[in-house]
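A.B. asks: quick one: sequence plus predicted model below, questions after.
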Amino acid sequence: MGRLFGTDGARGVANSELTPELAMNIGRAAACVLTKENKRAKILIGKDTRQSSDMLEAALAAGLCSVGADVLILGVVPTPAVAYLVKKYECDAGVMISASHNPCEFNGIKIFQGTGYKLPDEIENRIEAIILDGAEEPPVKIGGEVGKIAYCESAVNDYVSHILECKQADFTGMKLAFDCANGSSSATAEKLFSSLGIDGVYSANEPDGVNINAGCGSTHLESLQSLVKANGCELGFAFDGDADRMLAVDENGNTVDGDKIIAICAKYMKEQGTLKNDTAVVTVMSNMGFFKFCDENSIHCEKTAVGDRYVLENMLKNGYNIGGEQSGHIIFLDHSTTGDGQLSALMLLNVIKNTGKSLSALAAQMQVYPQVLVNVTVSAEGKAAYASDKAIKAKIEEVETKLGDDGRVLVRLSGTEPLIRVMLEGKDLDMITSFANEIADLVKERLS
């Protein structure tokens with residue numbers, strides 16, 4: 001992990017950790033690294049609905065223009081819209097301002113190459129070296145060489161049209177619920193799903209700058225579960241703040257997470273002959289039930305480190321076309337270069353309509369093993385010391401021995417927050433809960 005960029009861009013409390021000055025410097029450095037020589041760069045910027053996004057957008061645009069890059073402002077759009085439009089509009093790079101599922105006080109800067117893919121580590125390292133080490137001096141442009149800012153009016157419509165191309169069935173008359181997290185999908189979801197003939201019940205789609213992810217969205221499914229049942233919906237979808245994730249709720253109000261969505265879609269794709277190399281890519285955090293499902297359905301499963309960037313790297317390297325995370329960040333590589341919550345919703349709806357099965361019936365194909373996740377807040381020093389702490393390592397090994405083949409332990413550092421995540425999985429919920437708390441208590445004692 002880099003010094004500024006974590007597993008998903010640069011992120012922090014806006015105007016405190018992620019300051020306008022830092023945003024401007026990221027813009028200047030990114031333009032230097034991503035711009036071809038003797039070419040006036042064109043870089044687009046999208047944002048979510050956080051109050052601080054306007055401030056950071058202005059700072060980024062100023063930094064980009066100061067080194068001679070032209071800026072195209074998209075306004076409020078989902079992260080995957082930036083990834084798609086940067087290529088469609090033939091830009092040199094795209095920037096998304098968002099902290100995804102985090103509370104409103106956080107914000108982030110995520111950069112895409114002109115190909116629509118996130119930056120690889122080596123390019124992020126070069127940008128960091130310019131900002132932090134003065135490895136290169138960004139040029140100072142004057143007069144007519146200063147960049148210009150333009151505003152795009154077609155971004156939402158162009159993105160929605162792209163998603164609509166993935167329609168494989170007739171959805172007219174379906175009644176569905178949507179939780180937009182008061183985030184980016186507030187600008188796109190109703191336009192998209194009404195175009196499919198869906199009777200939509202929408203919630204958390206009135207952003208005010210501070211209510212993004214506040215008791216809503218893919219990290220707070222309670223309101224969507226109630227909405228589905230109260231309105232007699234066939235199912236519901238919840239997106240996160242920048243709409244690159246999606247979790248579903250079936251007609252009974254039960255959660256259908258990313259593991260189950262990937263399982264449902266991968267099996268359907270295999271039956272249709274479109275699952276490349278009969279493989280799905282997930283992270284080590286996926287449920288044991290997913291791995292068993294793959295075995296039962298002759299689907300090869302690739303496991304990566306946690307983070308959608310690692311899933312994508314594996315998919316690109318080996319020619320796979322579906323992968324993702326339990327959190328609902330799912331990549332359909334035939335259609336998108338990054339996770340896309342609204343695309344994932346449409347792909348799942350394609351399966352539901354073309355199989356004639358309810359979401360609950362499809363989800364029941366995969367057994368879920370009990371899983372306990374305890375997040376422990378630690379200091380920066382504690383986070384750095386975790387890998388070498390012998391007492392914690394010994395405790396983990398002790399628990400693994402006791403679980404044997406009936407469970408597993410996964411303890412990892414969060415890539416975006418000051419947390420260590422303790423995850424246990426197994427057949428006996430009471431047992432794994434007790435073990436998870438024992439490990440978490442030790443982590444807190446030694447690293448907080």
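C.D. replies: Good, I have the coordinates.
A.B. asks: tell me the strands in the stretch 151-300 of the chain, going along the chain?
C.D. replies: Assigned by DSSP state E, counting those that start in this stretch, the strands in the stretch 151-300 of the chain fall at 175-179, 199-203, 235-239, 246-249, 255-256, 279-283, 300-304.
A.B. asks: let me know which of those strands is the nearest to Ala440.
C.D. replies: strand 279-283 (20.5 Å; C-beta to C-beta). The way it works is simple: take the backbone N, C-alpha and C, and place the C-beta from them, glycine included.
A.B. asks: what packs against the closest one?
C.D. replies: Contact analysis of strand 279-283 by 3 or more C-beta pairs under 8 Å, 6 or more residues apart in numbering; DSSP states H and E lists helix 258-272, strand 300-304, helix 308-318, strand 322-324 as its packing neighbours.
A.B. asks: repeat the analysis, applying 6 Å as the threshold.
C.D. replies: strand 300-304, helix 308-318 (3 or more C-beta pairs under 6 Å, 6 or more residues apart in numbering; DSSP states H and E).
A.B. asks: if you count neighbours, what's buried in stretch 212-221?
C.D. replies: Ile212, Asn213, Cys216, Gly217, Ser218, Thr219, His220, Leu221 (16 or more other C-beta atoms under 10 Å).
A.B. asks: kindly report the same for stretch 165-181.
C.D. replies: For stretch 165-181, by 16+ other C-beta under 10 Å, it's Cys166, Lys167, Phe171, Met174, Leu176, Ala177, Phe178, Asp179, Cys180, Ala181.
A.B. asks: would you turn these into CSV with pLDDT and distance to Gly9?
C.D. replies: As requested, the buried residues of stretch 165-181 are exported to CSV (pLDDT from 0 to 100; distance: C-beta to C-beta, whole Å):
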residue, pLDDT, distance to Gly9
Cys166, 97, 26
Lys167, 97, 31
Phe171, 98, 34
Met174, 97, 35
Leu176, 98, 31
Ala177, 98, 30
Phe178, 98, 26
Asp179, 98, 24
Cys180, 98, 22
Ala181, 98, 18
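A.B. asks: coming back round to it: so which of the helices and strands packed on strand 279-283 is nearest Asp430?
C.D. replies: strand 300-304 (27.2 Å).
A.B. asks: each with direction, which strands does that closest one pair with?
C.D. replies: Partners of strand 300-304 in the sheet, by DSSP bridges, are strand 279-283 (parallel).
A.B. asks: measure how the partner strand sits relative to helix 258-272, angle-wise.
C.D. replies: Here strand 279-283 runs at an angle of 170 degrees relative to helix 258-272 (axes from the mean of the first three to the mean of the last three C-alpha atoms, to 10 degrees).
A.B. asks: which one is His300 nearest to, not counting chain neighbours?
C.D. replies: Thr279 (4.3 Å; C-beta to C-beta, 6 or more residues apart in numbering).
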